[in-house]
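*Asks:* Need coordinates for the below:
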Amino acid sequence: MIYYYRAFMKGADIITSMDYTTAKEYIQNLQGRGIVLGLDTVKQLLKKLGNPEKSVPVIHIAGTNGKGSVGAYLSSVIYENGMNCARFVSPCVGEYQNTFLINGECVSQEVICDAMDEVKNAIDEMENDGVYTTQFIAETALAFVIFSRLMPDYAIIECGMGGKEDATNVVDLPALSIITKISLDHTGFLGNTITEIAEQKAGIIKSNAPVVSAVQAIEVQNVIKRHCCNSELYTAENPTIISADLDGTTFQAYGNVYTTRMLGVYQPQNASIAIQASRVLHIPENSIKKGIENAVWEYRCQRIGKFILDGAHNPDGAKALADSLKMYTVPKDTAFICACFKDKDYESIASLTAKYADMIYCLSAPSNRGLDKDILRDTFKQYNPNSHTASSLTDAIDKLKNHKNVVIFGTLSILSNAKELIERSYNNATL
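*Replies:* This next block holds a predicted model:
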């Protein structure tokens, strides 16, 4: 069912001036330009590219937590219904190709390179006029160029930050807008209250386009309802968990029973949002059930042997991780490896999770946003005296070889390296 790009090139080979390494380095070098909210630059760039965002039916997702999981569930459901679904994931974890997906698989390197040639040429023209593009704006444009060529039935587009002024918010009439759970995050950019943040997230709502929302705090719900004055609003049901273990979770919602193999106490809630979205898209129940069961999303309470990798990086995510650990593990058998960014609420992360481990090792997260490991250790030590630092992931894993469960979390930036290290260094007998 996966669409291959060559089919759209009438059998011709794709000729590009960039190889994949060069393309990846080019866009990653734009990271130094930081974060700039607003739509003027991305609109100018997309206009130069022929407005590819207008040629793909878009499902737009905003929210604080759960965007990736909801996207994974919904993409799986759409695929099970015999349709093709593209996804733009931000931030991706692991290989850069994971940013652009078609039916759950990475878009090929040559497709990315070919589209990057076009995007870079447009960016160069703008820079000659003194208009400069950030990494996320370039990636957003790249996603729309790729998807306009692949022509999927739907393209799921995740907001990078916020919604109203997020670069992805250039779609005039999405097929569907989805708002996952909203909580405090990115307060330096989006506002200091949950109401201010909700105003930003709800900015993706467009007139006459249906909206699916998670169950929200009352003040958030009021903001979303106000933005939906000309749009139909559907609220996802709170699911009831029937059974849960390390093989998956069975839950009830909308009068039906579903199973998800994605771990985490929060996954039935994410699945419920995707189920409601699928119902709005008129996808039959048998495809919904298969899609929910077959969905896969790495680094979200992902278990690899004795290791659990989780992207919890804010208080809401930390609470969800803590609730999951309470369900799956016991503290005396569980250890943590944690790294955080300094612009995150790492004190709340520590206070919510520390009691679920009997040993904690803290690392300095990579990049200039990384929090110093000594500060993170001292923060965890307020809630768990067995908190220490490690010089590296390898060092931390070696120190915890006798623990039954090792949970690695705090920032997505360390999870890819952790997965690679675990799979390279351990065999099935020692995992």
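*Asks:* how about the helices in the stretch 201-350 of the chain?
*Replies:* Using DSSP state H, counting those that start in this stretch, the helices of the stretch 201-350 of the chain run over residues 218-227, 267-280, 285-294, 315-328, 346-353.
*Asks:* Need the winner for burial among the ones you listed.
*Replies:* helix 267-280 (a mean of 26; mean count of other CB atoms under 10 Å). Placement of C-beta: from N, CA and C, glycine included.
*Asks:* Can you show me the CA trace of that one as PDB?
*Replies:* Taking Å, rounded to 0.1, in the frame of the first residue of the first chain, the C-alpha atoms of helix 267-280 are listed here in PDB:
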ATOM      1  CA  GLN A 267      -2.300   5.600  25.500                       C
ATOM      2  CA  PRO A 268      -6.000   4.700  25.700                       C
ATOM      3  CA  GLN A 269      -6.800   8.400  26.000                       C
ATOM      4  CA  ASN A 270      -4.700   9.100  22.900                       C
ATOM      5  CA  ALA A 271      -6.300   6.200  21.100                       C
ATOM      6  CA  SER A 272      -9.800   7.600  22.000                       C
ATOM      7  CA  ILE A 273      -8.900  10.900  20.300                       C
ATOM      8  CA  ALA A 274      -7.900   9.000  17.200                       C
ATOM      9  CA  ILE A 275     -11.000   6.900  17.300                       C
ATOM     10  CA  GLN A 276     -13.200  10.000  17.500                       C
ATOM     11  CA  ALA A 277     -11.300  11.500  14.600                       C
ATOM     12  CA  SER A 278     -11.700   8.300  12.600                       C
ATOM     13  CA  ARG A 279     -15.500   8.400  13.300                       C
ATOM     14  CA  VAL A 280     -15.700  12.000  12.100                       C
END
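*Asks:* So which elements touch it?
*Replies:* When contacts are defined as 3 or more CB pairs under 8 Å, 6 or more residues apart in numbering; DSSP states H and E, helix 267-280 packs onto helix 67-80, strand 176-179, strand 211-213, strand 233-235, strand 248-253, strand 256-260, helix 285-294.
*Asks:* Now tell me what touches that helix from outside.
*Replies:* The contact list for helix 267-280, computed with CB atoms under 8 Å, 6 or more residues apart in numbering, reads 59, 66, 69-70, 73-74, 77-78, 176, 178, 180-181, 210, 212-215, 234-239, 241, 249, 251, 253-254, 258, 260, 262, 287-288, 291-292, 295, 300-301.
*Asks:* right, and Cys301 touches Leu263 too?
*Replies:* Yes - under the criterion of CB atoms under 8 Å, Cys301 makes contact with Leu263 at 4.1 Å.
*Asks:* Now do the phi/psi pair for Met262.
*Replies:* Backbone torsions of Met262, given as degrees, to the nearest 10, read phi -80, psi 120.
*Asks:* Double-check it against Glu298; I have them as touching.
*Replies:* No - between Met262 and Glu298 there is no contact under CB under 8 Å: 9.8 Å.
*Asks:* Looking at these two, which has the bigger crowd around it?
*Replies:* Met262 (23 against 18; other CB atoms under 10 Å).
*Asks:* centre of the chain versus stretch 299-317, how much separation?
*Replies:* Relative to its chain's centre, stretch 299-317 lies at 13 Å (CA atoms, centre = their mean, to the nearest Å).
*Asks:* Same question for stretch 90-110.
*Replies:* 12 Å.
*Asks:* Could you report the neighbour count for His282?
*Replies:* His282, neighbours per other CB under 10 Å, totals 7.
*Asks:* Next one: it from Glu118, what distance?
*Replies:* 35 Å (CB to CB, to the nearest Å).
*Asks:* For Ser367, which residues are in contact?
*Replies:* Neighbouring residues of Ser367 by CB under 8 Å, 6+ apart: Phe341, Ser413.
*Asks:* Below-threshold pLDDT in the chain: ranges please.
*Replies:* 1-17, 184-192, 426-431 (pLDDT under 70).
*Asks:* top helix in it by residue count?
*Replies:* Looking across the chain with DSSP state H, the single longest helix is helix 109-128.
*Asks:* next SSE after that one?
*Replies:* Next in sequence after helix 109-128, counting helices and strands by DSSP states H and E, comes helix 135-150.
*Asks:* could you dump the helices of the stretch 201-350 of the chain to a markdown table with distance to Ala122?
*Replies:* Rendered in a markdown table, the data for the helices of the stretch 201-350 of the chain read as follows (distance: least, CB to CB, whole Å):
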| stretch | distance to Ala122 |
| --- | --- |
| helix 218-227 | 32 |
| helix 267-280 | 32 |
| helix 285-294 | 36 |
| helix 315-328 | 36 |
| helix 346-353 | 39 |
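*Asks:* circling back to that earlier point, to Pro366, which of the helices and strands packed on helix 267-280 lies closest?
*Replies:* helix 67-80 (20.2 Å; CB to CB).
*Asks:* elements contacting the very next helix or strand once past that closest one?
*Replies:* Of the helices and strands lying after helix 67-80 in sequence (DSSP H and E), the nearest is strand 85-88. In terms of contacts (3+ CB pairs under 8 Å, 6+ apart), strand 85-88 is packed against helix 67-80, strand 100-102, helix 135-150, strand 154-158.
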